[in-house]
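Chemist: sequence first, predicted coordinates after that:
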Amino acid sequence: MTVRAVIEGAGHYLPERVVPNSWFEGWLDTSDEWIRSRSGIERRRFAADDEATSDLATHAARAALDAAGLNVDDIDGVIVATSTPDLTFPSVATMVQRDLGMTHGFGFDVQAVCAGFIYALTNANALIIAGQARRLLVIGAETFSRIMDWQDRSTCVLFGDGAGAVVLSAQEGNGTPDDRGILSADLNSDGRYREMLYVDGGVSTTGDAGKLRMQGNPLFRQAVEKLTETADVALEKIGLSGSDVDWIVPHQANIRIIQGTARKMGVPMDRVILTVQDHGNTSAASIPLALSVGAADGRIRKGDLVLSEAIGGGLAWGAVALRW
Ligand code: ACO
């Protein structure tokens, strides 16, 4: 018998405020045409002033529990992937526990920037396989609008706020790629690329949260190369390739990165779940948001092979192959 961590339900939450590209045109030297053609983004959501990352995460967690037909008593732990926590500590995960009324189990955060959900899912899978937990809430939640430099047109038009969540449950499998659940994962990081994407503040340096800094062009080239490589590694581990994939559910940073990666993997774009046009780049939230959207509209079905890949600050990158 092989223990598999199976997604039993997915849910998401987006803040109410929709911000179209035209919003930037009034005060920044940019245009809807530039943003659309370079990134594929048409609009994004920004959290309200009194909405924190834990609020977004809790809404998404409730939606995932509803989709799975479960409640907090069924959950053993909460893992939140985020780089924009409410506070330096405690973790967002413990705030979600509190807000869900969950007084048992454990909660902790994972910080791997845009690759955070891939890292969180891989850790959750390992905890389930090790018998530490039978059911986990795995959440990606971000308020990147809070770390934008609004004078920097090359970054502030790209990011948005939101949260997505899945319920991951231990189930029995046969040990073959036909099993439902997480089938393989590949994680990587390389701190030599720090300057490509970072936030210029923090507790032990400036004492404040800082603003996001990015070298978009070199990062773009690294992204396509590294995402294709990690996706191939995750699939090779289970003896599969791009042609076996039903859905790529990628990190939603830029439509051109997504197209370039899909092309190199030999997967047509009609087998890619896209949300970047509506959500912008929501960092660790983008994959669970896209999983939830794709499942809710009936495209991702039970038994489908799903490949998710992401890259972000660090650089940190990785991929997970799973059967829905
Ligand atoms: N509006 C108008 N012009 C702009 C804007 C803007 N918002 N931003 C930059 N420009 C200008 C630049 O100043 C530059 O002008 P110049 O030629 O006069 O110097 C010109 O547009 C071209 O800039 P490039 O940076 O070469 O544009 P590029 O085609 O590379 O697109 C982009 C920029 C969209 C940032 C792209 O490089 C990219 O997507 N990179 C990857 C970014 C990414 O994916 N980050 C996230 C990954 S990790 C994570 O999710 C946190």
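Modeler: Cool, got the structure.

Chemist: around the ligand, pick out the residues from the stretch 101-250 of the chain.
Modeler: Within the stretch 101-250 of the chain, the positions adjacent to the ligand are V113, C114, R153, S154, V157, L197, M214, G216, N217, L219, F220, A223 by Cβ under 6 Å from any ligand atom. Bear in mind the C-beta positions are built from the backbone N, C-alpha and C, glycine included.

Chemist: what distance separates the host helix or strand of the last one from the centre of its chain?
Modeler: Looking back up the chat, that one is A223. Assigned by DSSP states H and E, A223 belongs to helix 216-236. Centroid separation for helix 216-236 versus its chain: 16 Å, with Cα atoms, centre = their mean, to the nearest Å.

Chemist: nearest spatial neighbour of the closest residue to the ligand within the stretch 101-250 of the chain, skipping sequence neighbours?
Modeler: Nearest residue of the stretch 101-250 of the chain to the ligand: G216, at 2.9 Å (Cβ to the nearest ligand atom). Closest residue in space to G216, ignoring its immediate chain neighbours: S154 at 5.7 Å, by Cβ to Cβ, 6 or more residues apart in numbering.

Chemist: Provide the secondary structure category for the one you found.
Modeler: At S154 the chain is in helix, as set by DSSP: H, G, I helix; E, B strand; the rest coil.

Chemist: ok, D49 to the ligand distance?
Modeler: Noted for D49: a distance of 23 Å to the ligand, by Cβ to the nearest ligand atom, to the nearest Å.

Chemist: in this protein, which spans are helices?
Modeler: Assigned by DSSP state H, the helices in the chain fall at 22-25, 32-39, 53-68, 92-100, 116-129, 153-156, 216-236, 255-265, 276-279, 286-296.

Chemist: and among those helices, the most buried is which?
Modeler: helix 286-296 (a mean of 27; mean count of other Cβ atoms under 10 Å).

Chemist: and that helix, what does it pack against?
Modeler: Packing partners of helix 286-296 (3 or more Cβ pairs under 8 Å, 6 or more residues apart in numbering; DSSP states H and E): strand 2-13, helix 53-68, helix 116-129, strand 135-143, strand 161-173, helix 276-279, strand 305-312.

Chemist: same thing but at 10 Å, please
Modeler: strand 2-13, helix 53-68, helix 116-129, strand 135-143, strand 161-173, strand 247-248, helix 276-279, strand 305-312 (3 or more Cβ pairs under 10 Å, 6 or more residues apart in numbering; DSSP states H and E).

Chemist: for the ones you listed, could you give me TSV that also reports mean pLDDT?
Modeler: Listed next are the helices and strands packed on helix 286-296 as TSV, based on pLDDT from 0 to 100:
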stretch	mean pLDDT
strand 2-13	98
helix 53-68	98
helix 116-129	98
strand 135-143	98
strand 161-173	98
strand 247-248	98
helix 276-279	98
strand 305-312	98
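
Chemist: can you lay out these as a markdown table showing distance to G191?
Modeler: Putting the helices and strands packed on helix 286-296 into a markdown table (distance: least, Cβ to Cβ, whole Å) gives the following:
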| stretch | distance to G191 |
| --- | --- |
| strand 2-13 | 29 |
| helix 53-68 | 25 |
| helix 116-129 | 15 |
| strand 135-143 | 22 |
| strand 161-173 | 27 |
| strand 247-248 | 27 |
| helix 276-279 | 27 |
| strand 305-312 | 13 |
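
Chemist: and the residues of the stretch 101-250 of the chain next to the ligand, which two are the farthest apart?
Modeler: V113 and R153 (21.3 Å; Cβ to Cβ).

Chemist: what's the pLDDT at the closest residue to V233 other than its chain neighbours?
Modeler: Excluding the flanking residues, the one nearest V233 by Cβ to Cβ, 6+ apart is D186, at 4.3 Å. Listed pLDDT for D186 reads 98.

Chemist: can you check G26 too?
Modeler: On the pLDDT scale, G26 gets 86.

Chemist: distance of it from the ligand?
Modeler: 13 Å.

Chemist: and if you look at Q97?
Modeler: Where the ligand is concerned, Q97 sits at a distance of 27 Å (Cβ to the nearest ligand atom).

Chemist: check contacts around the spatially closest residue to that residue that is not a sequence neighbour.
Modeler: In this structure, Q97 finds its nearest non-sequential neighbour in G107, 4.7 Å apart by Cβ to Cβ, 6+ apart. For G107, the contact set (Cβ atoms under 10 Å, 6 or more residues apart in numbering) comprises 75, 77-80, 90-98, 100, 136-137, 139.

Chemist: just read off the phi/psi values of V249.
Modeler: Main-chain torsions, V249, degrees, to the nearest 10: phi -120, psi 90.

Chemist: I'd guessed it sits against V267; true?
Modeler: No - if you go by Cβ atoms under 10 Å, V249 and V267 don't touch, sitting 11.4 Å apart.

Chemist: look at these two and report which has more neighbours.
Modeler: The residue with more neighbours, out of V249 and V267, is V249; 30 against 21, by other Cβ atoms under 10 Å.

Chemist: now do the contacts for the more buried one.
Modeler: 272-275, 286-295, 299-300, 306-310, 320, 322, 324.
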